[in-house]
Structures are given as structure tokens and as C-alpha cells.
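>>> dropping a prediction and its sequence here:
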Amino acid sequence: MKFFLYLFLLLTSFIFGQKDSLSSSNILKPGIYLTFGDFKANKPLPFDSISFKDDNKTDNILAKLKKNTSVNYIKNGKAGRINSSFIWGFTDDKKLYVNFNSTFNKASYVGSICTFFSYITKMQDTRPGSRDAKFQSYKAFALFIMNFEDGIAVEATPKKLSKLLKKDPLLFQEYDALDKDKKHNLMEGFVKRFNEANPSIRVY
């Protein structure tokens, strides 16, 4: 009986979640988000309201942001300028890019929990077990998860994902029952399922 109740609740949440779920970025308006608040409200600066000192004759906004240290814009009839590294992100060609570690990273999933990959610097002990520890830095490509409620992005780990999944008791219980390896390997899959069942983004 408990199994059928669980199955019913799971299917119900999935069906109703599909109605408003932002399973891709195709409803995000194209433009630049100066802040996380702009992204959350889906109110970017349209591309025709911004300009660059070095326009480099390309429509590729990512290339322009990489080449220019600042962006000129018009907002509410007033001119402004912002350092490119301070821009929260942008949407172009139905793809969301998030500014993290001074790099614009393409989101792999947009929803109540957003995901993207980014390079980070890690330290490795080159003399494990030795009294004279020596550490060396290296670049690692890691998955990050971002809570849509507060915009905080953290490197994805089973422990950190579990905290977000607690908002969905049934899904959290299923994830919590997995072994360590499966928790790590199925993180993106559970993010997708959580977003489908728990949409928190208004459809515009």
C-alpha cells in the first residue's frame, strides 16, 4: 500500500511539475543580467541597449565580453557602465551563461536547481604520508549547483545536493538510500527530477 501511495505522489508531482517547469532556458529573454535579481525576475538588458568599446564586428556576445573590460548600457533611460567581470550572466541563443570565477560558464540545466561546469583550482599533496608535505595546485573541471532561491553556487557534492533535495522528502529519501558511488554518479539526474517536480521559476 505504501508503495502505491509513493508511486501516486511521485507521478502527481511529476505531471504538475511539467506544467510550469523550466527544463531548458528557452523561455529566458535574451540579454545581459547585471545582477542575480535581474536573472531571477527574467529582466535582462536587451542586447540593443548595450555597447562595447571594441565591438570586434561579431554578434558573439561571449567573445565581446572576453575582449572588453567594461560594458556600456542604457537602463530606464539612463546611461551606465559596468565592469565585465561584475556582470552576473547573460542569455544568448536560448543558452544561459553564468559568471563564476571570472569566467562565463554555460548552464547545463536551468531550473529550481541550476547546474554548470567550471574550472577550479585545487591543491594536491605530492608527498602523501611524508612529514614534509608539499602541495601543488592544479586545474579541475567540476560540476556546480546553484539554488535558484538565493543564487549561491557551490561545487556539487552528494552532501550539498542532499540539502537542496530535502525540500522534496520523497526524492530526498530515494537519493539518501543510494550508496556513495551512485549518489555521485546520479547527481545530475536527481537535479533534473527535482526541477521537474518542484518548479520555482515563473513562466514568462
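Thanks, I have the structure now.

>>> from now on I want contacts and neighbour counts done on CA atoms only, so please keep to that.
Fine.

>>> give me the neighbour count for residue 104.
By the measure other C-alpha atoms under 10 Å, the count of residues near residue 104 is 20.

>>> for residue 42, which three-state class applies?
Per DSSP: H, G, I helix; E, B strand; the rest coil, the secondary structure class of residue 42 is coil.

>>> from residue 109, how far off is it?
Per C-alpha to C-alpha, to the nearest Å, residue 42 is found 16 Å from residue 109.

>>> let me know the pLDDT of residue 26.
According to the per-residue confidence, residue 26 scores 51 in pLDDT.

>>> how about the one 3 residues further on?
Note on residue 29: pLDDT of 91.

>>> from residue 70, how far off is it?
If you measure residue 29 against residue 70 using C-alpha to C-alpha, the figure is 22 Å.

>>> so where's this structure uncertain?
1-26, 56-58, 122-123, 125-134, 200-204 (pLDDT under 70).

>>> if we go to 90?
Within the chain, the stretches falling below the threshold (pLDDT under 90) are 1-28, 40-41, 53-60, 66-67, 93-94, 101-102, 119-141, 149, 198-204.

>>> now do the helices in it.
Listed in chain order, the helices of the chain (DSSP state H) span residues 2-20, 36-40, 61-67, 158-165, 169-176, 180-185, 187-197.

>>> please identify the deepest-packed of the ones you listed.
Mean neighbour counts were compared across those using mean count of other C-alpha atoms under 10 Å; the top stretch is helix 187-197, at a mean of 19.

>>> chain center to that helix: distance?
Here helix 187-197 is found 13 Å from its chain centre; the criterion is C-alpha atoms, centre = their mean, to the nearest Å.

>>> the inter-axis angle of that helix versus helix 158-165?
Between helix 187-197 and helix 158-165, the angle formed by their directions is 0 degrees, by axes from the mean of the first three to the mean of the last three C-alpha atoms, to 10 degrees.

>>> got the angle for helix 187-197 vs helix 169-176?
Orientation note: helix 187-197 sits at an angle of 170 degrees relative to helix 169-176 (the same axes, to 10 degrees).

>>> re earlier: could the helices of the chain go into CSV alongside distance to residue 114?
As requested, those are arranged in CSV below (distance: least, C-alpha to C-alpha, whole Å):
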stretch, distance to residue 114
helix 2-20, 16
helix 36-40, 12
helix 61-67, 20
helix 158-165, 11
helix 169-176, 17
helix 180-185, 17
helix 187-197, 8
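
>>> out of these, which is closest to residue 54?
Closest to residue 54 of the helices of the chain is helix 61-67 (C-alpha to C-alpha; 7.5 Å).

>>> CA atoms only: put the closest one into CSV for me.
Listed next in CSV are the C-alpha coordinates belonging to helix 61-67 (Å, rounded to 0.1, in the frame of the first residue of the first chain):
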residue,chain,number,x,y,z
ILE,A,61,28.3,38.3,-27.0
LEU,A,62,30.7,35.9,-25.2
ALA,A,63,33.6,36.9,-27.4
LYS,A,64,32.8,40.6,-26.8
LEU,A,65,32.7,40.2,-23.0
LYS,A,66,36.0,38.4,-23.1
LYS,A,67,37.7,41.1,-25.2
